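1. predicted structure and sequence below. I'll ask about it afterward.
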Amino acid sequence: MNSELDKDIEKYVVSKDTPPSIYYIPEFIDKEEEDFLVNKVYSAPKPKWTQLAHRRLQNWGGLPQPKGMVAEALPEWLQTYINKLSQLNLFEGRAPNHVLVNEYLPGQGIMPHEDGPLFYPVVSTISLGSHTLLDFYYHLDGIQQKPECVSTGSEVNGYNHKVEEDENVIKEYSGQTEPPEAKQGKNSPSSNSEDRHFLSILLERRSLVLVCGEMYTQHLHGIAEQTHDTITNKIVNLQHLSNPVSIGETLQRDTRVSLTIRHVPRTVKAKFLFGRR
Ligand SMILES: O=C(O)CCC(=O)C(=O)O
Ligand SMILES: [Fe+2]
């Protein structure tokens, strides 16, 4: 493990122009640890995987639900990294108790969404196997949508999850259609998701990214369904990379496995969720 992890988290703020709510730590883990974690993910029993239309995932620690998560003990191979993360003191004394594993083949991604109120608003993600671009978007109406526990029938995380509600955004995002003008809201700066895309973070393999506070609660984030990423000046952590890249360069994606480590505040015992018999 990167033994030189500086506990002074302010060192990892990605940009002075950005609200200090994104932290990027390159080489958070070393190559051996990356292999170890990838092996652990792929040696999980088959039923541990949830297959979505364009992606696979695993839930560890329980399944977050509006009524609460029936907490399950995390395996030691994940707990080790949670302990390391906890040293950064960003969870304000709360221990992360949930890990979502996502697997993305080249060309796969996740539509713009917000993670919602089931999680404490500090999201930490370790990237394994490949880089990706994590993109941030303003909401369609330019203002924060109040988080609610609603299901939009989305498959984003395999459980209730708030996504951008305009269907066109999702279609347009995957390049299938242009949004009809009539659909553009009066208050909307633009219903074109590319116009609302205001910054990206390049997540290198083995890195850790932390998205906190406003970046988490006020905006949407997503990963485009692309096989390649072009470096643009929307990427705010270019100065923080372990492998420098230049504007205009193109990076080819490989299979990426991400570990998203969060705190689910509301946990319940199974008997309360399902009722006593
Ligand atoms: O894979 C990632 O880095 C992001 C995943 C994500 O946004 C989510 O699962 O909510
Ligand atoms: Fe997310």
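-> The structure has been received and is ready for your questions. Ligands and ions are numbered 1, 2, ... in the order given.
2. V101: what's it in contact with?
-> Contacts for V101 (CB atoms under 8 Å, 6 or more residues apart in numbering) come out as 41, 57-60, 257-260. Where C-beta positions appear, they are placed from N, C-alpha and C, glycine not excepted.
3. distance check, it against ligand 1.
-> 9 Å (CB to the nearest ligand atom, to the nearest Å).
4. quick check, stretch 36-44 touching ligand 1?
-> No: residues of stretch 36-44 are not located near ligand 1 by CB under 6 Å from any ligand atom, the shortest gap being 12.7 Å.
5. quick check: mean pLDDT across that stretch?
-> When pLDDT is averaged along stretch 36-44, the result is 98.
6. also stretch 198-218?
-> Stretch 198-218 comes out at a mean pLDDT of 92.
7. and it, how far apart are its ends?
-> 13 Å (CA to CA, to the nearest Å).
8. what parts of the stretch 51-200 of the chain come near ligand 1?
-> So far as CB under 6 Å from any ligand atom goes, the stretch 51-200 of the chain lies against ligand 1 at 100, 102, 110, 115, 125, 134, 157.
9. quick one: those residues as a markdown table, columns for pLDDT too.
-> Shown next, in a markdown table, are these (pLDDT from 0 to 100):
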| residue | pLDDT |
| --- | --- |
| L100 | 98 |
| N102 | 98 |
| I110 | 96 |
| D115 | 90 |
| T125 | 98 |
| L134 | 97 |
| N157 | 51 |
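10. now, those residues that are in strands?
-> Residues of these located in strands (DSSP state E): 100, 102, 110, 125, 134.
11. if we can go back for a sec, and the contacts of V101, which two are the farthest apart?
-> N59 and V257 (14.2 Å; CB to CB).
12. how about the strands in the stretch 51-200 of the chain?
-> 55-60, 69-70, 98-104, 110-113, 122-128, 132-137, 197-203 (DSSP state E, counting those that start in this stretch).
13. wait, which of those strands is closest to F28?
-> Nearest to F28, of these and by CB to CB, is strand 122-128 at 6.3 Å.
14. ok and that closest one relative to strand 132-137, angle-wise?
-> 150 degrees (axes from the mean of the first three to the mean of the last three CA atoms, to 10 degrees).
15. count the residues that sit near whatever residue of the chain ends up closest to ligand 1.
-> Here the chain gets closest to ligand 1 at one residue, S258, 3.5 Å apart by CB to the nearest ligand atom. Other residues near S258 come to 24 when the count uses other CB atoms under 10 Å.
16. check L105 too.
-> L105, neighbours per other CB under 10 Å, totals 14.
17. ok, which stretches of the stretch 101-250 of the chain are helices?
-> 167-173, 193-196, 213-217 (DSSP state H, counting those that start in this stretch).
18. quick one: contacts for Y216?
-> Contacts of Y216 (CB under 8 Å, 6+ apart): 21, 114-115, 121-123.
19. could you rerun that using 6 Å?
-> 121, 123 (CB atoms under 6 Å, 6 or more residues apart in numbering).
20. what distance do you get for it to V70?
-> Note on Y216: its distance to V70, by CB to CB, to the nearest Å, is 24 Å.
21. and what of T132?
-> T132 is 31 Å from V70, by CB to CB.
22. pick out whichever of the two has more residues nearby.
-> Looking at T132 and V70 with other CB under 10 Å, you find the greater number of neighbours at T132, namely 28 against 18.
23. contacting residues around the more buried one?
-> 203, 223, 256.
24. in a markdown table, list the residues of the stretch 51-200 of the chain next to ligand 1 along with neighbour count.
-> Formatted as a markdown table, those follow (neighbours: other CB atoms under 10 Å):
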| residue | neighbour count |
| --- | --- |
| L100 | 23 |
| N102 | 22 |
| I110 | 24 |
| D115 | 22 |
| T125 | 20 |
| L134 | 24 |
| N157 | 24 |
